[in-house]
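Visitor: Quick one, what's the 3D model for this:
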Amino acid sequence: MYRYLPASLIFALLFIFTGNAHAQIEYSPAFPKLTDQVTFTIDLTKATGAKVPALLGLTSGVYLWSGANTSTNGNYNYTPAGQSSFNQPYEPGKMTYLGNSKWQITLTPKAYYRVPDGVTIKQLIFVLRNAAGTAQTETFYVQLGLTPYKVLPLPAGLKDGVNYINDNTVILSLLAPKKKYVHVLGDINNWQINPAHIMNRTPDGERYWLKITGLTPGKEYMFQYLVDGVIRTADPYSDKVIDPWTDMDIPASTYPNLLSFPEGKTTFPVSVMQTGQKPYNWQVQSFVPPPKNKMIVYELCVRDFSAKHNYKTVMDSLNYLEKLGVNVIELMPVTDFDGNLNWGYITNFYFAPDKYFGTKNELKALIDECHKRGIAVVLDMVLNHSWGQNPLARMYWNATTLEPSAESPWYNSKSNFFNPLAHFGPDFNHESPYTQKFVDSVNAYWLTEYKVDGFRFDFTKGFTNQYKPESDLWGDLYDASRIAILKRMTTALWKVKPNAYAILEHLCFSNQEEKELANHGIMMWGNFSYHFGKLAKGESVDISWMNYKQRGWTQPNLVSYWDSHDWQRPLVEAMLNGRSNTEYNTKLLATALERMKLSSAFLFPIPGPKMLWMFDELGYDVDKDFNGFGGPKPIRWEYLQDTSRLKLYKAMSAIISLKKNYLAEADVATFTTDAITKSMHITNTGLNVTIIGNYDIVTKTVNPKFQHTGLWYDYFTGSPILVNGTDDLYSLTAGEFHIFTDKPVAFPEKGLVPFKVNAIKTTIESNPQKYGINVYPNPGTGRFNLTLDPKAPGSGSGTATVYNFMGRKVNSTLSVIGDKHFMVDITSQPSGQYVLNLQSGGQYINIRLIKQ
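Guide: Numbers count the residues shown, from 1 in each chain. Modelled structure (predicted):
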């Protein structure tokens, strides 16, 4: 491979030169010896001698005038045989034209310059001229026989990347196996090769390192590595990079005082180092994230959450998220990615927050403020693949195939998937020890430096080197090596932070892998977009797979959701393709919003973590493909001014509150899901919950199969109801649902849903006189007289039972005073409200008793 070296310096490690600083000579090998056959290519467009213009445009008749020097003083100690007259053609020195004013010659210095044995040549001297010698370049020098670097061990305790020693000193370390040499270019040397800035090589040949002193505290310095004289790359461990393509689109309000890319001095992104940085002052030093069974995850794309697309405005919205009940924010990728306006799944720099969203301290401030509020922060981490500008990819790149080269320590040279839709970028080789150490360093960095609480790992089905053929397009078949890789990674991150969340986007059709990983303690994304999309439209589908026990898992590690950034929102699905009749239309926004409340009742209460995609709580109704898949979407904070949307937000918040405050320890969820009507039982210590709903577009009858008879409460109205038979049927209109609890809980504000329980079967009657029943005195001290007249329901014989408002049957006595005259005695009970249930002839009535 050819190495590019500025001719003004020509590996100016040990020699003095004349000539222009922008000229270039390209030669191979990079460090030529006297006995090597060396190919030299000179680009005349980079030469600046006064007589160069006359050479430009020539396609023949250009000759090399040259000599060899035993020192570096520019003398011609040895010259080629027959080279004697500058104004005459010299055929052995005739250059070959390559086009575009580039000329080439190949020679062996010892033979060409007739150098005797035992003589050391330190320098070759070149001038290109025309046949008459009337046009020529400046003088170029090529250094021979240099030792390009020192071999020294890396000082103890250093890591890859920038190591800050003190306010004036850094040590740079680059892991670059099989590379021949590395220079540091940057502000410290005006982006020119400098002998003082060639990096030391470690004895094992794995790393290059350099100590740099004399830096000004607090000043930002841009730098790059020049690898093998050709590859310009930023440090893969950079925590800040300057980009030549997209930084100009970042407003100063988001990232003030951003450095400008050094145009004309280098190409490709550059790293930034800065000594004397003031560390962020964390207000919350140690944070305990919410337990898994209380997790309400909010998937958030900073770009589409606010018009200013920055961390500061997300922080300003935390009250809104906190009131909703969110206790985990999952940030879509914020590590530096290619471009500004995509979702971020094309990562270039894994240790640098993307500047389009703000500064690194603003990201820390957001995380800190979340922790103050009890909200954990999870990062969407993309380690299946990277993007081509990632330094690990650029250092080992096959320019012919446009893929990583076979010698790459970190990447596979080809994707392991037959399916081209699974080719997302340079594919990490997760069996490589280099990749495993890199992955662990990425995870550890964010867990410690930014105090994040865990990760959602993107497309983990790609964490394998087992080829996935056409018969297994998305890698759904069991892969033991993949499981071992994922267990290794998560075990390593738990050593750094034992309570860190590990969430995988695995989504295998087979439960075998997910079960094994979930039982290892890993949380798995549970995609139910298809199911809730059908339900929103008014179609039947089974949702019992949301129950982790149905899957045979030992832990509730399923992060269920009805949509994510990748999938169509159920509300949009209903409005586009929903069912309707003359009285009920799921395509109407008002109807679709109510149906999202219904779906909330069947998503959030189920044991285990739950997730919603941002603005679902306001009924976001923009198609996922608007402005292209992954393109920027409209930001609709004006939805908060819409009463119907605000009611959805409040209803969803109320259901989330019920889950977090009363059902966090729930261990069982049983479903009746064989029809378009649904019922669900959840049992927690001291509380039973029954949920019923009708997804059809016509009225349906539902059997709730309450866990027991007695007093229950309709959650959204707070109304107590008395369940006399567990098989009592309930009539539900289209889209109607109810959440019943068998204990009073903190009920939400009234009017969030338009449904009330059936008065005949469920209402506690405050005015029983209209049924011919008189109760007196009521309120009373504990003895209540009941007189029945002929209008009273029933046959005159039946039962009387008293319940407290916790739904428990209480001790009472019933005395017969006379014909249809009774006394109920609850003097043994404390003051409060009670329910007297009278049943006779298949009919019953519930009467409120107030004991003073």
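Visitor: Can you list the buried residues in stretch 695-714?
Guide: For stretch 695-714, burial by neighbour count (16 or more other CB atoms under 10 Å) applies to 695-697, 700, 702, 704, 706-707, 709-714. Yep, even glycine has a C-beta here, placed from its N, CA and C like the rest.
Visitor: Strands - which of those land there?
Guide: 700, 702, 710, 711, 712, 713, 714 (DSSP state E).
Visitor: for those, which one is nearest residue 283?
Guide: residue 713 (40.2 Å; CB to CB).
Visitor: contacting residues for the closest one?
Guide: 719, 720, 721, 740, 741, 742, 743, 744, 745, 747 (CB atoms under 8 Å, 6 or more residues apart in numbering).
Visitor: Let me have those residues in CSV, extended by neighbour count and secondary structure.
Guide: Below are the contacts of residue 713 laid out as CSV (neighbours: other CB atoms under 10 Å; DSSP: H, G, I helix; E, B strand; the rest coil):
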residue, neighbour count, secondary structure
719, 17, coil
720, 21, strand
721, 24, strand
740, 21, strand
741, 22, strand
742, 23, coil
743, 17, coil
744, 13, coil
745, 18, coil
747, 16, coil
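Visitor: Contacts only, for the residue nearest the centre of the chain.
Guide: With the centre of the chain defined as its mean C-alpha position, the nearest residue by CA atoms, centre = their mean is residue 380, 1.4 Å away. Counting by CB under 8 Å, 6+ apart, residue 380 touches 330, 331, 332, 333, 334, 344, 455, 456, 458.
Visitor: Of those, which is the nearest to residue 536?
Guide: Distance to residue 536 across these (CB to CB) is lowest for residue 330, with 22.9 Å.
Visitor: Tell me, how many residues neighbour that closest one?
Guide: 24 (other CB atoms under 10 Å).
Visitor: Which helix or which strand is home to it?
Guide: Remark: residue 330 resides in strand 328-331, with elements defined by DSSP states H and E.
Visitor: Give the next helix or strand downstream of that strand.
Guide: strand 335-337.
Visitor: Just checking: what are the partner strands of the next helix or strand along the chain from that next one?
Guide: Sequence-wise, the next helix or strand downstream of strand 335-337 (DSSP H and E) is strand 347-353. Strand 347-353 has its sheet partners listed here by DSSP bridges as strand 335-337 (antiparallel).
Visitor: picking that back up, make a PyMOL selection of the buried ones in the contacts of residue 380.
Guide: Selection of buried members from these for PyMOL, criterion 16+ other CB under 10 Å:
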select buried, resi 330+331+332+333+334+344+455+456+458
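Visitor: To what extent is residue 483 buried, counted in neighbours?
Guide: Look at residue 483: counted by other CB under 10 Å, it has 17 neighbours.
Visitor: How about the secondary structure of it?
Guide: helix (DSSP: H, G, I helix; E, B strand; the rest coil).
Visitor: Ok, the one 4 residues further on next?
Guide: Going by three-state DSSP, the secondary structure assigned to residue 487 is helix.
Visitor: Against residue 652, how distant is it?
Guide: Relative to residue 652, residue 487 is positioned 35 Å away (CB to CB, to the nearest Å).
Visitor: rewinding a little: from the contacts of residue 713, pick the one nearest residue 216.
Guide: residue 745 (61.7 Å).
Visitor: what's the burial count for the residue lying closest to that closest one once chain neighbours are set aside?
Guide: Nearest-residue entry for residue 745: residue 662, 5.6 Å, with adjacent residues in sequence omitted and distances by CB to CB, 6 or more residues apart in numbering. Residues lying near residue 662 (other CB under 10 Å) number 20.
Visitor: for residue 827, same thing?
Guide: Counted with other CB under 10 Å, residue 827 comes out at 11.
Visitor: got a list of what it touches?
Guide: 781, 782, 783.
Visitor: Out of these, grab the one that's most surrounded.
Guide: residue 782 (16 neighbours).
Visitor: confidence score at it?
Guide: The per-residue pLDDT reported for residue 782 equals 90.
Visitor: In contact with it, which residues?
Guide: Each residue near residue 782 by CB under 8 Å, 6+ apart is listed here: 825, 826, 827, 828, 829, 851.
Visitor: Many thanks, I have nothing further to ask.
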